[in-house]
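**Q** sequence first, then the predicted structure, then my questions.
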Amino acid sequence: MLSQVVELIENKQKFGITTHIKPDGDGVGSSLGLCWLLRSLGKQAEVVVRGDIPPAYRSLPGASDIRDVEKIDTEYDAVFVIECSDLERPGIAGLDREFTVNIDHHATSEHFGTVNWIDSTASAVGEMIYNLVKAIGGRVTKEIAECVYMALVTDTGSFHFSNTTERTLKVASELIKAGAKPAEISEAVYNNYPWSRIELMRQVISTVRRDASGKVAFMRQTLKMREEAGAIDGDNNGFVNIPLAARDILATVYMREVGDNVYRVSLRSKGDINVARVAEQFGGGGHRNAAGLTIEGDWDEKEQEIVASVRQAVEEAEAVWAGDITVSPDVL
Ligand code: 5GP
Ligand code: MN
């Protein structure tokens, strides 16, 4: 919990910070925000990530100093692991021998850390980093503000997903006061793609279909599409949300071929429809309205199974709305 994190920062000197491979804005922004906080407290800190940092986040202060490592190659007093469901997600060897601090806002986290601070009410880990700055009596510097704002804006879909709370906007307001520039950060994220994104989008959208209920949309991305578009990682960011623009679509399934009969699946839903539970049924996880999983097998068969399961989640939510069954609000 937060008080343990404050205490260990006060008692230790040298920190590593990492996040998952192919990090998103929350992973990069929160890691860098924490790094700037630790340095402002007179500590030694660095961010290490396996693989490349997506272009959208490379303009953040400190991003060019992030080291690409395959294993822990430095002695740290503790390593912060940001936004990871388990200790394998960073793809860095040797983490199991470290004093690790798991900071996450996913309720499905495995509590793998030596210390675990999980706050599923936070819109992004970035919101938790802001809380940490306050709890430790630090100052929100311009660098911290820019990095943490990036975390908030990406994880909330520019403050329109259901994880956006009064607190999120209050924190965002403080970050702007401290020097974050919303237009510049949004421009770096949303209007900064290569043309290959548009080529890939054209192909993926051409596969979109609805199930018999007309409420679940599903679409596919093949390896060939990626190749033909000349796509790079991140070009497909947000594709899964596109069908939700239709009023009657309540949930989406987006399957991408990543290997021989292996697919990454993203699920999204509106309102009370819980796709995290669907993802968990297939060995994945996530949040109520945004979840994911990896699956192997015949494409048509697996697609049907997942779409049917999502359809059931839609029906369960509709039954509650209709008052057919009663479920206490905290279960939803
Ligand atoms: P995305 O669809 O963007 O890959 O993932 C949406 C959400 O689901 C994210 O919050 C992510 O953490 C979670 N998620 C995606 N894939 C997996 C998975 O394989 N396992 C778990 N536990 N969570 C996942
Ligand atoms: Mn996040």
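**A** Happy to help now that I have it. Ligands and ions are numbered 1, 2, ... in the order given.
**Q** which phi and psi does the residue in the stretch 51-200 of the chain positioned nearest to ligand 1 have?
**A** Going by Cβ to the nearest ligand atom, ligand 1 is nearest to residue 85 of the stretch 51-200 of the chain, at 4.1 Å. Every residue, glycine included, has its C-beta placed from N, CA and C. Phi and psi for residue 85, reported as degrees, to the nearest 10, are phi -80, psi -30.
**Q** what do you get for residue 255?
**A** Here residue 255 shows phi and psi, under degrees, to the nearest 10, equal to phi -110, psi 130.
**Q** give me the neighbour count for it.
**A** For residue 255, the count of nearby residues is 22 (other Cβ atoms under 10 Å).
**Q** tell me how far it lies from residue 151.
**A** Applying Cβ to Cβ, to the nearest Å, one obtains 27 Å for the distance of residue 255 from residue 151.
**Q** same question for residue 44.
**A** 23 Å.
**Q** next helix or strand past the helix-or-strand element of the chain with minimal mean pLDDT?
**A** Ranked by mean pLDDT, DSSP states H and E, the weakest helix or strand in the chain is strand 285-286, scoring a mean of 89. Using DSSP states H and E, the next helix or strand after strand 285-286 towards the C-terminus is strand 290-296.
**Q** check which helices and strands that next one sits against.
**A** If contacts are counted by 3 or more Cβ pairs under 8 Å, 6 or more residues apart in numbering; DSSP states H and E, strand 290-296 sits against strand 262-269, helix 275-281, strand 285-286, helix 299-321.
**Q** least confident of these, on average?
**A** Looking at those, the lowest mean pLDDT belongs to strand 285-286 (a mean of 89).
**Q** for the closest residue to residue 55 other than its chain neighbours, give me the pLDDT.
**A** Distances taken as Cβ to Cβ, 6 or more residues apart in numbering put residue 192 closest to residue 55, at 6.4 Å, once the chain neighbours are dropped. With respect to pLDDT, residue 192 scores 92.
**Q** and what about residue 192, helix, strand or coil?
**A** Under DSSP: H, G, I helix; E, B strand; the rest coil, the three-state class of residue 192 is coil.
**Q** what bridges to residue 117?
**A** residue 103 (DSSP bridges).
**Q** pretty sure residue 27 is touching residue 18, no?
**A** No: shown here, residue 27 and residue 18 do not form a contact pair, counting by Cβ atoms under 8 Å, at 9.1 Å.
**Q** intersection of neighbour lists for the two?
**A** Residues touching both residue 27 and residue 18 by Cβ atoms under 8 Å, 6 or more residues apart in numbering: 49, 82.
**Q** and the least confident helix or strand of the chain, what does it pack against?
**A** Short answer (3+ Cβ pairs under 8 Å, 6+ apart): strand 285-286 packs on helix 275-281, strand 290-296.
**Q** quick revisit: ok, which of the helices and strands packed on strand 290-296 comes nearest residue 207?
**A** With respect to residue 207, and counting by Cβ to Cβ, the nearest of the helices and strands packed on strand 290-296 is helix 299-321 at 10.7 Å.
**Q** buried residues of the closest one, list them for me.
**A** By 16 or more other Cβ atoms under 10 Å, the buried positions in helix 299-321 come out as 302-303, 306-307, 309-311, 313-314, 316-318, 320.
**Q** I'd like the residues you listed as CSV, with distance to ligand 1 appended.
**A** Output for the buried residues of helix 299-321, formatted as CSV (distance: Cβ to the nearest ligand atom, whole Å):
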residue, distance to ligand 1
302, 14
303, 16
306, 13
307, 16
309, 15
310, 13
311, 18
313, 15
314, 18
316, 19
317, 18
318, 23
320, 23
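**Q** just the closest of the residues you listed to residue 54, please.
**A** The closest of those to residue 54 turns out to be residue 306 (Cβ to Cβ; 26.5 Å).
**Q** wait, the closest one touches residue 264, no?
**A** No: using Cβ under 8 Å, residue 306 is not in contact with residue 264, being 11.9 Å away.
**Q** shared neighbours of those two, which are they?
**A** Counting by Cβ under 8 Å, 6+ apart, the contacts common to residue 306 and residue 264 are residue 255.
**Q** let me know the helix or strand that the closest residue to ligand 2 within the chain is in.
**A** Ligand 2 sits closest to residue 26 of the chain, with a gap of 3.4 Å, by Cβ to the ion. Here residue 26, judged by DSSP H and E, is contained in helix 25-40.
**Q** what's in contact with the next helix or strand after that helix?
**A** Where DSSP H and E defines the elements, the next helix or strand beyond helix 25-40 is strand 44-49. The list of residues contacting strand 44-49 from outside it, by Cβ under 8 Å, 6+ apart, reads 13-19, 21, 23, 27-28, 31-32, 34-35, 38-39, 62, 65-69, 72, 74, 90, 92.
**Q** also near ligand 1: which of those residues, exactly?
**A** Filtering these for proximity to ligand 1 by Cβ under 6 Å from any ligand atom leaves nothing.
**Q** and the buried ones among those, selectable in PyMOL?
**A** Only the buried entries of the contacts of strand 44-49 go into this PyMOL selection, using 16+ other Cβ under 10 Å:
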select buried, resi 15+16+17+18+19+21+23+27+28+31+32+34+35+38+39+62+66+69+72+90+92
